[in-house]
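Student: kindly return the folded structure for what I paste below:
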Amino acid sequence: MTMEGSGLRVVIIGGGLAGALAGRILREHHMVTILERSSDAYEVGAAINVGPNGALILSTLGFDKTKVGCLEVGLTRTWNKEGKLLQEDPKDFIKEYGAPWLFQHRADLRKEFLRLATEDSQALGVDGKPAILRYNTKVVDVNVDDGVVFLDSGEKIEADLVIAADGIKSLVRPLVVGDQAFSTARPSGLSAFRFTLPREEVLAVFPELPVLDRSKPATLEMVFSFDPSNRSGVMYPCRNFELLNLVCIVPDSRLKTATTESWTASGDQDELLECFSDFPKWFLDILALGKNIKLWQLRDQDPLPSYVKGRTVLIGDAAHAMTPHQGQGGTQAVEDAEAFRLFNTGDVLRDDVARILKDFDSVRRPRASQIQNNTRKAVNKRTPEEVYSFSKYNWTYPGVVEGLRRAKKKEEAKKARKAAPALKRAATAAPVARARAPRIKGDKRLVIYLSYINSAL
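Tutor: Purely as a prediction, here's the structure:
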């Protein structure tokens, strides 16, 4: 199959958060097709946050916080397992970072991203054509150099740009990196119990629970063991305070049964309560309300040597899978999508793709790799200050255009430093030629001297 029209032919493998939002960015100038293997837009999972670095980007794309039921965060509280409040930190994220920190349900966020990718252009107020979204479409192979995508149906799709947003179990990752060691993300040694509770069920037991107080900005409540077990519990509201989201992280060594990397694997409530039995009673009482609990093995990926090869680029979890200890997985997907603005400047042709992907990689890979490393370090946090020690870096991002300018400036400075010793040696070794002026008295001396110099040049 060959796509026809103006702009590049873009195929996005995966219609999750990263793939859908990439479709929104590219649809204004290019022909975009999103290949989604599932049968519909149903999204499993629970709540997800978008940091100020992502919210600032979304504010430029027609993102509708009302449709998503986003809540702006205004307070974080940190407790230890003995029930002592260690830190209560009210914060104006708009004032400090230029955009809010947002809580929402993952399903609502994905639905909005898909709307931005596929809604009628006139209704959305943008140029170009909506992205084509194909469900029940399974990719079995990709020629990453030539931009050819092969489907299980036997269909072959030719593209100028292939975007692999196919998640943590990415089919495309080893094809881009060329190393089977990167074919799958590794277990982190930790797993997460996760579930949501309806507002009315929680308030029936805890009628004045502060975290569900609609009269105030949203609050993030965190309870840490601050010991070698690295256990933690987090709860916050989403969907306009209609749901309370809970995530409890525990070492795999404390679990009775092996876990898997699955959003839908069931977790046992008795085991959850046992793993956190030494946590505050008020926290355990909330955990005791849990239903339909899921147990998710946390995996992360070593930073990759490249996100690009030929006409293909990795984004989202396919590029930089990370655990939730810094809450940056979803926001990095937003930053990845924004980086495709590099393809929206001027008339971009098929021959330009490799060059632009090189620029993409020079900005996105160092940035996301650093956040992967920050996330790993955050696992062993011991104080509230350590919990937020990477916040400024995580939540501060200038966008891909400014990021590319800085990257190129940094590279030029690096080349200059590397060349400096050789230039110094050459300058020291080279003889200095001095032109001697003839001895002439009077006002004509300067004129004759300058004439002498000019004739020597």
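
Student: which strand or helix spans residue 297?
Tutor: Here residue 297, judged by DSSP states H and E, is contained in strand 294-300.

Student: in that strand, which residues are buried?
Tutor: Residues 294, 295, 296, 297, 298, 299, 300 are the ones in strand 294-300 that count as buried (16 or more other C-beta atoms under 10 Å). For glycine as for every other residue, the C-beta is placed from the backbone atoms N, C-alpha and C.

Student: surely residue 416 is in a helix?
Tutor: Yes: inclusion of residue 416 in a helix is indicated when DSSP: H, G, I helix; E, B strand; the rest coil is applied.

Student: separation between it and residue 423?
Tutor: 9 Å (C-beta to C-beta, to the nearest Å).

Student: same check, this time on residue 145
Tutor: 39 Å.

Student: again with residue 128
Tutor: Residue 128 sits 49 Å away from residue 423 when distances are taken as C-beta to C-beta.

Student: looking at the two, which has the bigger crowd around it?
Tutor: Comparing residue 128 with residue 423 by neighbour count (other C-beta atoms under 10 Å), the higher total belongs to residue 128, at 18 against 10.

Student: could I get the full set of strands for the stretch 151-300 of the chain?
Tutor: Per DSSP state E, counting those that start in this stretch, the stretch 151-300 of the chain has strands spanning 156-158, 161-164, 186-198, 218-224, 232-238, 243-251, 294-300. These are given in chain order.

Student: ugh, typo on my part, it should be the stretch 1-150 of the chain
Tutor: Counting by DSSP E, counting those that start in this stretch, the stretch 1-150 of the chain has these strands, from start to end: 9-13, 31-35, 47-50, 71-80, 85-90, 102-105, 132-134, 139-143, 148-151.

Student: need those in a markdown table (columns: mean neighbour count, distance to residue 197 and mean pLDDT).
Tutor: Below are the strands of the stretch 1-150 of the chain laid out as a markdown table (neighbours: other C-beta atoms under 10 Å; distance: least, C-beta to C-beta, whole Å; pLDDT from 0 to 100):
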| stretch | mean neighbour count | distance to residue 197 | mean pLDDT |
| --- | --- | --- | --- |
| strand 9-13 | 27 | 34 | 98 |
| strand 31-35 | 25 | 33 | 98 |
| strand 47-50 | 26 | 11 | 97 |
| strand 71-80 | 19 | 15 | 97 |
| strand 85-90 | 13 | 22 | 96 |
| strand 102-105 | 25 | 13 | 98 |
| strand 132-134 | 17 | 32 | 98 |
| strand 139-143 | 17 | 37 | 98 |
| strand 148-151 | 18 | 40 | 98 |
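
Student: the strand holding residue 297 - what's its average pLDDT?
Tutor: Throughout strand 294-300, pLDDT has a mean value of 92.

Student: got it, and stretch 355-362?
Tutor: Rounded to a whole number, the mean pLDDT of stretch 355-362 is 98.

Student: which residues touch residue 14?
Tutor: Remark: with contacts taken as C-beta atoms under 8 Å, 6 or more residues apart in numbering, residue 14 is in contact with 34, 35, 36, 37, 164, 165, 166, 167, 316, 318.

Student: just send those back as CSV, with distance to residue 133 too.
Tutor: Formatted as CSV, the entries for the contacts of residue 14 read as follows, by distance: C-beta to C-beta, whole Å:
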residue, distance to residue 133
34, 5
35, 9
36, 6
37, 12
164, 17
165, 13
166, 15
167, 17
316, 17
318, 19
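
Student: looking at the residues you listed, which is nearest residue 154?
Tutor: Within the contacts of residue 14, the smallest distance to residue 154 is 14.6 Å, found for residue 35 (C-beta to C-beta).

Student: now the closest residue to the closest one other than its chain neighbours: how far from residue 152?
Tutor: Leaving aside its chain neighbours, residue 35 sits nearest to residue 137 (4.4 Å; criterion: C-beta to C-beta, 6 or more residues apart in numbering). Distance of residue 137 to residue 152, given as C-beta to C-beta: 8 Å.

Student: more neighbours, the two?
Tutor: Higher neighbour count among residue 137 and residue 152: residue 137, with 20 against 11, using other C-beta under 10 Å.
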